[in-house]
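J.: Based on what follows, work out the 3D shape:
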Amino acid sequence: MTSITSSAGPLDVQGLVSQLMAVERQPYQAMQTQARKYQTQLSDLGSLQSDLSSLQSSMTSLSTGTFINASKLTSSTSTVLTGSTTDFAVAGVYNVNVSQIAQGQNVAYTGLGSATASLGNAANQLTFTFADGTTPATIAIKAGASLNDIASAVNSAGAGINATVVNTGDPANPSTLVFNSTQTGAGKTFSTTLQSSDATLNFLKYDSSVANDSRLTQKAQDAVVSINGVSMHSSTNTLTTGINGVSLSLSTAGQSTVTVSRDDTAIQASVQKFVDAYNKVLKTTKSLQNGSLQGSPTMQSVNDMLRSVLTQPISGVDPTKGLAYLAQLGITQNGTSTGANGSAQLDGSLKFDATAFAKVLDADPTAVAKVFGNSNNDGVADRFNARINDMLGPTGLLQTATKSVNDNVSQITMKEDQEQTRLDSIQTAYLTQFSNLNASLMQMQKTSSYLASAIASA
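T.: Got it, this is the predicted structure:
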């Protein structure tokens, strides 16, 4: 606001103006209060939209039916192998025999001198050639390189070879240079060659086809596995082709019995996630009805649209003979909450009876899945998904409500700006008027004092 400093005088100009402006600002303060209410409404509508999106996400696997395919794997000998499953794993018992695990090749050059001393070599190139025909890796070796320099150059090349200089403790020849493949499988067997012969670097040459080379400390090999008598090879210790929908992680040679079965706990968790998400939406709408959006028909409309889904059976099923409602799966409405007087009250939330659900799941898992999602697109999850899309869409219920509040925010912001301009003008006028009055009073005081002094001296 505009500020004018008045000269000292009989009147407290700033104090008088401040009191007058306190009255003038009341309409502006009311606007600010209303603006804060609108911002709260926007925030609350955003929270509700987020909760509805979470509810929609919780039903993805329910509407597609994939949740019913959840499976688990147990290994009788977890030190030999462990595993995981996808939604399409084939249930069964599998006898797995791991003859050997996959490993990479290690070559160790022993009996070398200091790791940091120059080898006295000319500039050269070291090439790694792999058995699987992948592009050879060529590493530049600078003139006068040390063992550490060679290891660093190999590691920096990103060739799939890791180089390490090991101190063996031998006073005369303390260093061992080790090359090992970072990838497993027989195809990663490698040989090394030099671009030009160099007496100081020739020790790096290695031919994998030469048998019984003592520098070979570990050969590259595939994993060899037999599943129910069928043998297979894998270049890695992760086997994904032996059992449909199953990934086996091999640790060591040995035998294990692998059991793949339906994962009821995971299936129930998917249903519970949906129930929790629905109840969260219900709780949010009730909170807003009693809070920032009290009296708004939007919240009641949201509740009505969602509850209507729960009362409709799926098509093509006789409820007296088959599964057509959530209640038949152990998912019922009218869960309880604690009222203001401490008593239990029915609040319309969903309650999940896992025991009842387990019984119908055992009896007919396909029918259970169809209650949530089916080819007619009228499963509970299908209908919820459609309702939420309607509400969250560009012309949907919540977007319309949000636009209305945003319009209100724009309008009141404009009014606030106008009111602020009016207040600035009024304050300037008050300050000017009272400052002028103060000046007049000061002049009157001076005149009065002069006259009194003149009369006294006459």
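
J.: from here on, contacts and neighbour counts on C-alpha atoms
T.: Noted.

J.: Could you tell me which helix of the chain is the longest one?
T.: helix 397-457 (DSSP state H).

J.: For it, what is the distance to the chain centroid?
T.: Relative to its parent chain, helix 397-457 has a centroid offset of 54 Å by C-alpha atoms, centre = their mean, to the nearest Å.

J.: Could you do stretch 70-85 as well?
T.: Distance of stretch 70-85 from the chain centroid (C-alpha atoms, centre = their mean) equals 27 Å.

J.: roughly how far out does stretch 11-27 sit from the chain middle?
T.: 54 Å.

J.: typo on my end, it should be stretch 60-75
T.: Worked out by C-alpha atoms, centre = their mean, stretch 60-75 lies 21 Å from the chain centre.

J.: okay but Q312 is in contact with Y325, surely?
T.: Yes: look at Q312 against Y325 with C-alpha atoms under 8 Å: they come within range, at 7.3 Å.

J.: okay, these two: which has more neighbours?
T.: Y325 (22 against 15; other C-alpha atoms under 10 Å).

J.: about what we covered before: run through the neighbouring helices and strands of the longest helix of the chain.
T.: helix 13-24, helix 26-58, helix 297-310, helix 380-392 (3 or more C-alpha pairs under 8 Å, 6 or more residues apart in numbering; DSSP states H and E).

J.: Can you pull the domain assignment for this structure?
T.: Recorded structural domains for the chain (assignment: automatic domain parsing) are 30-66+266-404, 71-101+222-262, 106-218.

J.: Just the mean pLDDT for the second one, thanks.
T.: Put plainly, it is domain 71-101+222-262. Mean per-residue pLDDT for domain 71-101+222-262: 96.

J.: cool, the last one as well?
T.: For domain 106-218, mean pLDDT is 97.

J.: Off-centre distance for that domain?
T.: Computed by C-alpha atoms, centre = their mean, the chain-centroid distance of domain 106-218 equals 43 Å.

J.: now do the first one
T.: Its chain's C-alpha centre and that of domain 30-66+266-404 lie 23 Å apart, by C-alpha atoms, centre = their mean.

J.: next one: the second one
T.: Taking C-alpha atoms, centre = their mean, the mean C-alpha location of domain 71-101+222-262 is offset from the chain mean by 30 Å.

J.: re the thing from before, Serialize the domains of the chain to CSV and add fields for distance to T432.
T.: Listed next are these as CSV, based on distance: least, C-alpha to C-alpha, whole Å:
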stretch, distance to T432
domain 30-66+266-404, 27
domain 71-101+222-262, 80
domain 106-218, 78
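
J.: Minimum distance to Q427: which of these has it?
T.: domain 30-66+266-404 (18.7 Å; C-alpha to C-alpha).

J.: measure that closest one end to end?
T.: With C-alpha to C-alpha, to the nearest Å as the measure, domain 30-66+266-404 spans 20 Å from end to end.

J.: what sits against A91?
T.: When contacts are counted by C-alpha atoms under 8 Å, 6 or more residues apart in numbering, A91 touches 71, 259-262.

J.: try V154
T.: V154 sits in contact with 139, 161-163, where contact means C-alpha under 8 Å, 6+ apart.

J.: do S270 as well
T.: 58, 61-62, 67.

J.: check which helix or strand covers it.
T.: helix 264-289 (DSSP states H and E).

J.: before we move on, the earlier item: minimum distance to Q420: which of the domains of the chain has it?
T.: Where the domains of the chain are weighed against each other on C-alpha to C-alpha, the nearest is domain 30-66+266-404, at 10.8 Å.

J.: picking up where we left off before, I'd like to know which of the contacts of V154 are buried.
T.: Buried by 16 or more other C-alpha atoms under 10 Å: 139, 161-163, out of the contacts of V154.

J.: so who does T116 touch?
T.: 146-149.

J.: Buried residues, stretch 103-115. List them.
T.: 103-110, 112-115.

J.: Just put those in a markdown table and tack on secondary structure and distance to M299.
T.: Listed next are these as a markdown table, based on DSSP: H, G, I helix; E, B strand; the rest coil; distance: C-alpha to C-alpha, whole Å:
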| residue | secondary structure | distance to M299 |
| --- | --- | --- |
| Q103 | strand | 62 |
| G104 | coil | 63 |
| Q105 | coil | 67 |
| N106 | strand | 68 |
| V107 | strand | 71 |
| A108 | strand | 73 |
| Y109 | strand | 76 |
| T110 | strand | 78 |
| L112 | strand | 80 |
| G113 | coil | 81 |
| S114 | coil | 78 |
| A115 | coil | 75 |
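
J.: Identify, from those residues, the entry nearest to S53.
T.: Q103 (46.5 Å).

J.: So what pairs up with that closest one in the strands?
T.: Q221 (DSSP bridges).

J.: contacting residues for it?
T.: By C-alpha under 8 Å, 6+ apart, Q103 lies in contact with 183-185, 219-223, 236.

J.: does I314 count as helix, strand or coil?
T.: coil (DSSP: H, G, I helix; E, B strand; the rest coil).

J.: returning to what we had before: just say which of the helices and strands packed on helix 397-457 is most tucked in.
T.: Counting by mean count of other C-alpha atoms under 10 Å, helix 380-392 has the highest mean neighbour count of those, with a mean of 20.
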